[in-house]
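K.L.:
heads up, no residue letters with this:
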């Protein structure tokens, strides 16, 4: 469909939506907007009942790439794309290899299910960058794993590996890395074999109001990020991350 995304629709009613920005699959405004366009288009394709979101390379999505700009992405535009994905009707399964970090974790949580490997790792590392969480994670992470586990991830930026992710409900299946895509396809096929109108109806009931809550959350998240991005702690956090050292925050 474009250079960032490849879409393959099989005769099993499954659309494989693959991010093609290896090895890290950093997100950008254009990538998230293109993903939203893609899923909106698949919503209109009666041959598609469920999508598998996956990535080429080492990592599912390592978040934003701050190496070229300390300001990162246009946050409001980025989050508008995220809300569009949450508003799509058909179920999504995500195959998580390597890292789902920061906004990459937010992208993983747009899906209804996550299939991971023991080597997979999830992190809401925003505070370690001197930043506020985004991509609607203020809503989606607590709803998935609970308030206390979310606080720990937000406050510490800890990396949650596959086994722990399965235990706390951050992923739904764990499989050897070499079998990740096969396992994810098999699980996605189980959904595709159910009645499509019923699945969309059930999903709409279970996710009722979610996109609206995410939209409200992203507006607040963007405001907090805009405030914190002008601090010295933000600059220190990004520098420390790029230099692979512990940050020295000063509350400035």
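P.N.:
Received it, and whenever you're ready, just let me know what you need. Just so it is clear, the model here is predicted, and its values are computed rather than measured.

K.L.:
just for this protein, where's the confidence low?
P.N.:
For the chain, the stretches with pLDDT under 70 are 1, 68-73.

K.L.:
Next, work out how far apart the residue found closest to residue 183 once you drop the neighbours it is linked to in the chain and residue 97 are.
P.N.:
Leaving aside its chain neighbours, residue 183 sits nearest to residue 175 (4.1 Å; criterion: C-beta to C-beta, 6 or more residues apart in numbering). C-beta here means a position set from N, CA and C on the backbone, and glycine is covered the same way. The gap separating residue 175 from residue 97 is 10 Å, by C-beta to C-beta, to the nearest Å.

K.L.:
one step back: for the residue nearest to residue 183, what are its contacts?
P.N.:
Each residue near residue 175 by C-beta atoms under 8 Å, 6 or more residues apart in numbering is listed here: 115-117, 183.

K.L.:
residues touching residue 51, list them.
P.N.:
By C-beta under 8 Å, 6+ apart, residue 51 lies in contact with 14-17, 39, 42, 90-93, 188.

K.L.:
the strands in this protein, which residues?
P.N.:
5-9, 14-19, 50-55, 92-96, 99-101, 113-116, 121-123, 160-161, 173-174 (DSSP state E).

K.L.:
Serialize those strands to CSV and add fields for distance to residue 143.
P.N.:
Conversion of the strands of the chain to CSV gives the following (distance: least, C-beta to C-beta, whole Å):
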stretch, distance to residue 143
strand 5-9, 27
strand 14-19, 23
strand 50-55, 19
strand 92-96, 16
strand 99-101, 17
strand 113-116, 14
strand 121-123, 15
strand 160-161, 16
strand 173-174, 19
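
K.L.:
just to revisit the earlier point, most neighbours among the contacts of residue 175, which one is it?
P.N.:
Counting neighbours by other C-beta atoms under 10 Å, the top entry in those is residue 116, with 32 neighbours.

K.L.:
got the contact list for that one?
P.N.:
For residue 116, the contact set (C-beta under 8 Å, 6+ apart) comprises 96-97, 162, 165-166, 171, 173-175, 180.

K.L.:
what's in contact with stretch 201-208?
P.N.:
Under the criterion C-beta under 8 Å, 6+ apart, external residues in contact with stretch 201-208 comprise 86, 89-91, 112.

K.L.:
how far is that stretch from where the chain is centred?
P.N.:
Centroid separation between stretch 201-208 and its chain, computed with C-alpha atoms, centre = their mean, to the nearest Å, is 20 Å.

K.L.:
And for stretch 139-159?
P.N.:
In terms of C-alpha atoms, centre = their mean, the gap separating the centre of stretch 139-159 from the centre of its chain is 14 Å.

K.L.:
Can you give me the buried ones in that stretch?
P.N.:
Judged by neighbour count using 16 or more other C-beta atoms under 10 Å, the buried positions of stretch 139-159 are 139-142, 144-145, 149-150, 153-154, 157-158.

K.L.:
residues near the closest residue to residue 133 other than its chain neighbours, how many?
P.N.:
Nearest in space to residue 133, with sequence neighbours left out and distances taken as C-beta to C-beta, 6+ apart, is residue 126 at 4.6 Å. By other C-beta under 10 Å, the residues close to residue 126 number 26.
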